[in-house]
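> sequence-free structure coming up:
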């Protein structure tokens, strides 16, 4: 007898579960020692709550009806539910809020695509600390959590999630072309991006900036040129890089001007975690200063989520290569 | 701004979450030291898998469609998914299997009923150990897990989930009356039960057995009378009681001939955990020797699930009363 399970899900048997649990505990332990308190939100939310946070997140969610005909959805990340909680339950708190979580999130996938539908995520959210101070704290903490989980060679990609959108606006690229260009970028399809930018018939300088900027990836030298409409974002990234260097983790940073996370709520710095032993990101995050304001009073915030299963694979791959 | 969350769900903030996590770790730690390996199954299952396990479990589940129009459901307990895994992934294993879990389960509830929709459950399943040996192991382990989680006054109710159904059959009670009588019993409505039994116009002996048996609750003296068609079940319960006494936990056992768990897959002993400090059950379980056979080769099995939130409330209530 065959009893299938839904596309993108899997059963985890004890030998693997023990290791996943150990990694989760190391990550969460690091966060808690740093003053991040664990929070739990319901697996099921009203769809309009997810949609208030991000249309794409709501589109990607498993959806169902409650007995009053309202649409419920499985959370597709923890950041939007936590933004809801912060705005409704911590509305009077002025102090920075440090929260962490260890929870599953869900996104619908087609059959036989090989994509994951169920994610075991451990992560942090830092609320009320604006700018590079908040970002540097979250990045440094995540790097040390991964070290405690047994990784030695991990790196973090750092970019600016609003940079390319601002560039498109500043260079008067027609609104109806934005979506396609940003899609190329989030797929890392720089050839497709160049073809589409060329088709816009822009002035040479603008064309070169739109094509060349996303290719700049590496050490602090990628921030060197002033680059007109990108100058402000580049200056911010320089500040963040210096803060990370001061905290002793500069050698783990890959500045990446083409980095775009696909969730729509990021307003500044964005992050992606890598390990050279594997070919996929271990997690990511960024600054989302406008998200909490969609549920109540606005507060600056940033955070990172790690995929425990991917961290586990990276840790095993590092071990094999040692 | 108000951003409601679905009926029966709640946000858990760090102070409480820390305590729930500590209880979960104590319970799971006890299970793992005893050789029970943690397992994870997807939150989302095909509805027909849940329905193969138990119609009521499927009816109580949140349901949604996948992109091929098949019905998916949020698991309403962990026992049915684990039965699926055991039948499909451990089909060749002959040795006893000891599995534990720490996971959420979901049941739909009406608005404003005050019922929980989201349950944080930690539990065990013991597969391949039939009869009182298996039951005594699971009961003793659960009692010691609760002790490790900080409880001192907890008790376990022990009954037979098939006893009343067998009695109804043996006494030739018409099939169409069974549902109503069992519903009375699972609601502990012994007055309603008596009224309905009287209306059946049975012989005196049969009537007295159907009304009197569920009222018998206490020490081993409730097993003393032979009681015709109930004799076999009572002898089994006596064997289990003696095994529990031999393991030194007899004083924690409340024999309860009226105990019926509402899940339809129990075939023998059923359990319910209590603490005198609170007025609700902390969890329950029982023997389900037919369930795994619905997914593959039949294997005897029994298990218990604890509601972590309720254990937490009981532990706090005990502390207050000290």
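Received it, and whenever you're ready, just let me know what you need. The shown structure was predicted, so the numbers you read here are calculated from the model rather than taken from an experiment.
> tell me where the stretch 1-150 of chain A has helices.
Counting by DSSP state H, counting those that start in this stretch, the stretch 1-150 of chain A has these helices, from start to end: A:14-33, A:47-53, A:55-59, A:79-89, A:131-148.
> tell me the most buried of the ones you listed?
For those, average neighbour numbers computed from mean count of other Cβ atoms under 10 Å in any protein chain shown are highest in helix A:79-89, which has a mean of 24. All C-beta atoms are positioned from the backbone trio N, CA, C, and that covers glycine.
> so residue A:293 sits against residue A:299, correct?
Yes - Residue A:293 is in contact with residue A:299 according to Cβ atoms under 8 Å; the separation is 7.4 Å.
> neighbour count winner among these two?
Neighbours were counted for residue A:293 and for residue A:299 using other Cβ atoms under 10 Å in any protein chain shown; residue A:299 has more, 22 against 15.
> now for that one: which residues touch it?
By Cβ atoms under 8 Å, 6 or more residues apart in numbering or on different chains, the contact list for residue A:299 reads A:86, A:127-128, A:289, A:292-293.
> for the nearest residue to it once chain neighbours are set aside, give me its contacts.
Excluding its sequence neighbours, the residue lying closest to residue A:299 (Cβ to Cβ, 6 or more residues apart in numbering or on different chains) is residue A:292, at 4.7 Å. By Cβ under 8 Å, 6+ apart, the residues touching residue A:292 are A:83, A:86-87, A:127, A:298-299, A:301.
> and what of residue A:233?
A:160, A:162-163, A:166.
> any idea which helix or strand carries residue A:305?
Element membership for residue A:305, per DSSP states H and E: strand A:301-307.
> mean confidence for that strand?
The average pLDDT for strand A:301-307 rounds to 98.
> equivalent analysis for stretch A:62-75, please.
Mean pLDDT, computed over stretch A:62-75, is 87.
> residues making contact with that stretch?
With contact meaning Cβ under 8 Å, 6+ apart, stretch A:62-75 is reached by A:41-48, A:50, A:58, A:61, A:81, A:105-108, B:6-7, B:43-44, B:62-64, B:72, B:108, B:110-111.
> please spell out the PyMOL selection for the buried subset of the residues you listed.
A single PyMOL command selects the buried members of those (16 or more other Cβ atoms under 10 Å in any protein chain shown):
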select buried, (chain A and resi 41+42+43+44+45+46+47+50+58+61+81+105+106+107+108) or (chain B and resi 6+7+43+44+62+64+72+108)
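> before we move on, back to that, now render the helices of the stretch 1-150 of chain A as JSON lines, adding distance to chain B and mean pLDDT.
Shown next, in JSON lines, are the helices of the stretch 1-150 of chain A (distance: least, Cβ to the nearest Cβ, whole Å; pLDDT from 0 to 100):
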{"stretch": "helix A:14-33", "distance to chain B": "3", "mean pLDDT": "98"}
{"stretch": "helix A:47-53", "distance to chain B": "5", "mean pLDDT": "92"}
{"stretch": "helix A:55-59", "distance to chain B": "13", "mean pLDDT": "82"}
{"stretch": "helix A:79-89", "distance to chain B": "5", "mean pLDDT": "95"}
{"stretch": "helix A:131-148", "distance to chain B": "16", "mean pLDDT": "98"}
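> chain neighbours aside, what residue packs nearest to residue A:229?
residue A:170 (3.5 Å).
> likewise residue A:119?
residue A:105 (4.8 Å).
> cool, residue A:162 as well?
Leaving out its chain neighbours, the residue that sits closest to residue A:162 by Cβ to Cβ, 6+ apart is residue A:267, at 5.6 Å.
> repeat that for residue A:259.
Distances taken as Cβ to Cβ, 6+ apart place residue A:159 nearest to residue A:259, at 2.9 Å, with adjacent residues excluded.
> before we move on, which element is that neighbour in?
Using DSSP H and E, residue A:159 falls within strand A:155-160.
> what's the offset of the following helix or strand past that strand from the middle of its chain?
On the C-terminal side of strand A:155-160, the closest following helix or strand by DSSP H and E is helix A:163-170. Chain-centre distance of helix A:163-170: 20 Å, with Cα atoms, centre = their mean, to the nearest Å.
> stretch A:185-200 now?
For stretch A:185-200, the separation from the chain centroid amounts to 22 Å (computed by Cα atoms, centre = their mean).
> distance between the ends of that stretch?
Terminal residues of stretch A:185-200 lie 16 Å apart, using Cα to Cα, to the nearest Å.
> that stretch: which residues count as buried?
Along stretch A:185-200, these residues count as buried under the neighbour rule (16+ other Cβ under 10 Å): A:185, A:193-194, A:196-197, A:200.
> from those residues, pick the one nearest chain B.
Nearest to chain B out of the buried residues of stretch A:185-200 is residue A:185 (Cβ to the nearest Cβ; 26.9 Å).
> helices or strands next to the helix or strand where that closest one lies in the packing?
If you go by DSSP H and E, residue A:185 is part of helix A:175-186. Here helix A:175-186 touches helix A:163-170, helix A:190-198, going by 3 or more Cβ pairs under 8 Å, 6 or more residues apart in numbering or on different chains; DSSP states H and E.
> those: which one's closest to residue B:284?
Residue B:284 sits nearest to helix A:163-170 of all these, at 54.2 Å, using Cβ to Cβ.
> what's the closest one packed up against?
The helices and strands touching helix A:163-170, judged by 3+ Cβ pairs under 8 Å, 6+ apart, are helix A:175-186, helix A:204-212.
> give me the angle between the helix holding residue A:185 and helix A:163-170.
Interaxial angle of helix A:175-186 relative to helix A:163-170 (axes from the mean of the first three to the mean of the last three Cα atoms, to 10 degrees): 160 degrees.
> can you pull the contacts of residue A:15?
Residues in contact with residue A:15 (Cβ under 8 Å, 6+ apart) are residue B:37.
> quick check: the gap between it and residue A:312.
Distance, residue A:15 to residue A:312, using Cβ to Cβ, to the nearest Å: 12 Å.
> show me where the stretch 201-322 of chain A has its strands.
In the stretch 201-322 of chain A, the strands defined using DSSP state E, counting those that start in this stretch lie at A:217-218, A:253-256, A:269-274, A:283-287, A:301-307.
> show me the shaky parts of chain A.
Chain A contains residues with pLDDT under 70 at A:1, A:263.
> excluding chain neighbours, what is closest to the residue nearest the centre of it?
Closest to where the C-alpha atoms of chain A average out (Cα atoms, centre = their mean) is residue A:285, at 2.5 Å. Nearest non-adjacent residue to residue A:285, counting by Cβ to Cβ, 6+ apart: residue A:304, 3.4 Å away.
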